[in-house]
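Q: Pasting the sequence and the predicted coordinates here, then a few questions.
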Amino acid sequence: MSEYIIDVAGLKKAFKVSKRDEGFGAAVKSLWNRKYEMVYGVDGIDLQVRKGEIRGLIGPNGAGKSTTIKILSGILHPEEGRVNVMGFVPWLERQKYVKHLGVVFGQKSQLWWDLPPIDTYSLNREMYKVPTKRYKELVDYFKELLQIEDVVYKPVRQLSLGERMKCEFVCAMLHEPSLVFLDEPTIGLDIISKESIRKFIKQVNRDLRTTFILTTHDLSDLENLCENVTIINKGRVVYNDAMSQLNKYFSQKKLIDIQFHEPMGKHLLKEYTLLHSDELTATIELDLTEQDLRQFVYDLLGRLPVQDINIRNIPIEDVIKSIYSA
Ligand SMILES: Nc1ncnc2c1ncn2[C@@H]1O[C@H](COP(=O)(O)OP(=O)(O)OP(=O)(O)O)[C@@H](O)[C@H]1O
């Protein structure tokens, strides 16, 4: 058996889209003479994920994340490439395959709107044939972990977004899937609910060894949950490594926020790479491959009327943005 729960090589998926020039005339002409072009949703993706990982899958809009997830969950089939997920070719063996799969969409609900979540759980128990004893154990375990003991008995339409999302997680986990796709699972949630859901994911990952694939635009989800991250851009993998390496990638640079105790003329700062400056504050970017940090601070304090100084790493958002645009 492969050491990978997901093993994908050379994945390509093209979509046929109609193409026409702008304007009313072109719209009419296209009714008779329609032209098409092929757009690649994914264009040669390789991806390996080990069992028990929480893997971040990120990229800008239109990068190919959803297309990848749709192929991995068996909704779409690719033109080219080899896909093995838990020993299945997802789109060929979908019925057997989905028994081992869970999905949580931040923007779509799997719960019956007018029923309490506990009723949807019960229906899913029947559908997935979860033994009653195990079902009860799992519901109790999840309810306690997410602190939704009372919430699961209220109709879904009466729940807050945070409460509903917690209930969605339980719904996706009751058949104990080995692999769960999470698509923006914390979108729109306040920080308390986000933390509670992240804690849940970590705990379930530890206790049940569930593998999670997390698609998100919220980088704090990644920092909190993922050891490894795959970044997709224009249908290709542009980064595939440990989260910690992302920071190292750019740790050659530091940002220095300075507060001055008297107004500063811009000309006094002209030798620095300035990201921001006004009379009393400035942010300087320092390239550590060119300058020594200690020497820089020493010179700065000697030259300028510095009241306060803060040295920080480049934010992870900026690191990722520069990888997207590379
Ligand atoms: N059914 C489709 N028909 C035509 N083009 C499609 C279809 N699905 C996706 N595409 C195209 O494939 C590319 C990748 O889209 P995809 O939805 O996978 O991106 P994404 O990374 O999930 O983006 P987002 O973050 O905006 O959801 C885009 O150019 C998109 O327009």
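A: It's in.
Q: Do I have it right that Q252 meets Q291?
A: No - using CB atoms under 8 Å, Q252 is not in contact with Q291, being 10.6 Å away. Just so you know, the C-beta spots here come from the backbone N, C-alpha and C atoms, and that holds for glycine as well.
Q: Now do the longest helix seen in the chain: distance to the chain's middle.
A: Counting residues, the longest helix found in the chain (DSSP state H) is helix 191-208. Computed by CA atoms, centre = their mean, to the nearest Å, the chain-centroid distance of helix 191-208 equals 15 Å.
Q: hmm, who's touching the helix or strand following it?
A: Once the chain leaves helix 191-208, the next helix or strand it forms, by DSSP states H and E, is strand 211-215. Outside strand 211-215, the residues that touch it by CB atoms under 8 Å, 6 or more residues apart in numbering are 5-6, 49-58, 65-66, 69, 72, 178-185, 201, 205, 221-222, 225-226.
Q: Now, of the residues you listed, which are buried?
A: Those of the contacts of strand 211-215 that meet the buried threshold are 5-6, 49, 51, 53-58, 65, 69, 72, 178-185, 201, 205, 221-222, 225-226, by 16 or more other CB atoms under 10 Å.
Q: taking these one by one, which sit in helices?
A: K65, I69, L72, I201, N205, D221, L222, L225.
Q: distance of the third one from the ligand?
A: Look at L72 and the ligand: by CB to the nearest ligand atom, to the nearest Å, they are 12 Å apart.
Q: can you pull the pLDDT of that residue?
A: Per-residue confidence (pLDDT) for L72: 95.
Q: try the second one
A: Taken from the predicted model, the pLDDT recorded for I69 is 94.
Q: who touches it in this structure?
A: Counting by CB under 8 Å, 6+ apart, I69 touches L57, F181, D183, I213, T215.
Q: Tell me how far it lies from the ligand.
A: Where the ligand is concerned, I69 sits at a distance of 8 Å (CB to the nearest ligand atom).
Q: circling back to that earlier point, show me which pair in the ones in helices among the buried ones among the contacts of strand 211-215 is furthest apart.
A: Using CB to CB, the two most remote members of these are K65 and N205, lying 20.6 Å apart.
Q: C-alpha coordinates for stretch 231-240, PDB please?
A: Only the C-alpha atoms of stretch 231-240 are listed here, as PDB (Å, rounded to 0.1, in the frame of the first residue of the first chain):
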ATOM      1  CA  ILE A 231       0.300  26.600  -3.400                       C
ATOM      2  CA  ILE A 232      -1.400  26.500  -6.800                       C
ATOM      3  CA  ASN A 233      -1.200  29.300  -9.300                       C
ATOM      4  CA  LYS A 234      -2.500  29.200 -12.900                       C
ATOM      5  CA  GLY A 235      -3.200  25.500 -12.700                       C
ATOM      6  CA  ARG A 236       0.200  24.500 -11.500                       C
ATOM      7  CA  VAL A 237       1.900  23.800  -8.100                       C
ATOM      8  CA  VAL A 238       4.300  26.700  -7.400                       C
ATOM      9  CA  TYR A 239       5.100  25.800  -3.800                       C
ATOM     10  CA  ASN A 240       4.900  22.500  -1.900                       C
END
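Q: Wondering if that stretch reaches the ligand at all.
A: No - Stretch 231-240 lies out of reach of the ligand by CB under 6 Å from any ligand atom, never closer than 6.6 Å.
Q: Just the buried positions in that stretch, please.
A: I231, I232, N233, G235, R236, V237, Y239.
Q: ok, which of the contacts of I69 also contact the ligand?
A: Okay, of the contacts of I69, nothing touches the ligand (CB under 6 Å from any ligand atom).
Q: Which member of those is positioned nearest L286?
A: Scanning the contacts of I69 for proximity to L286, where the rule is CB to CB, the winner is L57, at 32.5 Å.
Q: and that closest one, what does it touch?
A: By CB under 8 Å, 6+ apart, the contact set of L57 is K65, T68, I69, I213, L214, T215, V229, T230, I232.
Q: and which of those residues is nearest S160?
A: Distance to S160 across those (CB to CB) is lowest for L214, with 22.4 Å.
Q: Now do the strands in the stretch 201-326 of the chain.
A: Along the stretch 201-326 of the chain, counting by DSSP state E, counting those that start in this stretch, strands occupy 211-215, 228-233, 236-242, 253-260, 273-277, 281-287, 306-313.
Q: I am finished for the moment; much appreciated.
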